[in-house]
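> Can you look at this prediction? I've put the sequence above it.
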Amino acid sequence: MSFSATVLTLYPEMFPGALGHSLAGRALERGDWSLETVQIRDFAADRHRTVDDTPAGGGAGMVLRADILAKAIDHAAPEGDRRPKLLMSPRGKPLTQARVRELAAGPGAVIVCGRFEGVDQRVIDARSLEEVSIGDYILSGGEPAALVLLDAVVRLLPGVMGNDASGSEESFESGLLEHPHYTRPQDFEGRVIPDILTSGNHGRIADWRRGEAERLTAERRPDLFVAHQTEKGSKK
C-alpha cells in the first residue's frame with residue numbers, strides 16, 4: 001500500500017512543487033506515494049466562493065470558516081479514512097523526526113493548509129485536527145509547511161532513498177546532530193581530511209563520528225544534548 005497524501009488548500013497550483021523533482025518526484029511517478037489536492041473554495045456556497053469572515057470579537061485579519069472547511073475535510077477524508085488529519089499551524093506541536101517516521105509508517109495524511117489570520121477553532125475540535133508546526137516563525141500560509149512535512153516523510157518511504165541505511169545515520173535519528181562529512185580531494189585549501197577517516201579502522205571511525213556528533217550537538221543544540229544524555233543515563 002502506498003502513502004496517500006491529500007492536501008486541502010486555497011492554492012492547489014503550489015503542489016507538487018519541489019516534490020515533483022528528485023527522489024520524491026521519481027517516487028511519485030512510480031506510485032510509491034500519491035498526492036491529491038482539494039480546493040477549499042469548491043465548498044463555498046456563494047458565487048464569490050468566499051471562505052473567510054471577520055473574527056468574532058473583532059481584530060485584524062480574517063478567519064477561515066468552520067462550515068466550509070468541514071465540508072472540504074469530510075470530502076477528502078470520509079468516515080473510515082484512517083489517515084491522520086493535520087493542520088499546519090505555528091502554534092502546533094513541533095514536527096520531529098520521530099513523528100515523521102510515524103507518519104511514513106502509516107497509510108498517508110490529510111493536510112489542511114491554513115491561510116488568513118487563522119482557522120475557526122470549532123472545526124479544529126470537531127474534526128480532530130492535529131496542529132503541526134515546522135518552526136517558531138510565521139509563513140503566509142500552510143502550503144510551504146505542508147511541502148516540508150511531505151518531503152521529510154516521503155524520503156523515508158521504502159525504496160525512495162537509494163541507500164535506506166543513510167536515513168538512520170542522519171541528524172535527529174539518534175537524538176544527536178549528524179557528524180561532519182568529508183570526501184576528495186584530500187587537501188582543500190590547506191584543510192585536510194582527518195587522519196582517522198582514512199585509517200581503515202572502522203571501530204575508531206565510528207567512535208570519532210559519535211564523538212563529533214556529541215560535540216556538535218552540545219555546541220549547537222544543548223537542548224537535544226541534555227535530552228540525549230538523560231536518555232543514555234536511563235539505559236545504564
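Thanks, I have the structure now. These numbers were taken from a predicted model, which means no experiment stands behind them. Numbers count the residues shown, from 1 in each chain.
> Please enumerate the helices of this structure.
For the chain, the helices defined by DSSP state H occupy 22-30, 66-76, 97-104, 121-126, 143-154, 202-220, 222-234.
> Out of those, the one nearest Asp42 is which?
In terms of Cβ to Cβ, the element of these nearest to Asp42 is helix 66-76, at 7.4 Å. For every residue, glycine as well, the C-beta is placed using N, CA and C.
> Name the residues of the closest one that are buried.
Using 16 or more other Cβ atoms under 10 Å as the test for burial, helix 66-76 gives 66, 68-73, 76.
> ok, now how distant is the spatially most central residue of the chain from Gly142?
In the chain, the centroid-proximal residue (Cα atoms, centre = their mean) is Leu149; its distance is 2.0 Å. With distances taken as Cβ to Cβ, to the nearest Å, Leu149 is found 10 Å from Gly142.
> Could you tell me which residues touch both of those two?
Common contacts of Leu149 and Gly142 (Cβ atoms under 8 Å, 6 or more residues apart in numbering): 88, 111.
> Nearest spatial neighbour of Gln97, chain-adjacent residues omitted?
Nearest non-adjacent residue to Gln97, counting by Cβ to Cβ, 6 or more residues apart in numbering: Phe172, 3.9 Å away.
> Correct me if wrong: the one you found contacts Leu95.
No. Between Phe172 and Leu95 there is no contact under Cβ atoms under 8 Å: 10.5 Å.
> Looking at the two, which is more packed in?
Counting neighbours by other Cβ atoms under 10 Å for Phe172 and for Leu95 shows that Leu95 has the greater number, 20 against 16.
> give me every residue that touches that one.
By Cβ under 8 Å, 6+ apart, the residues touching Leu95 are 132-134, 148-149, 152.
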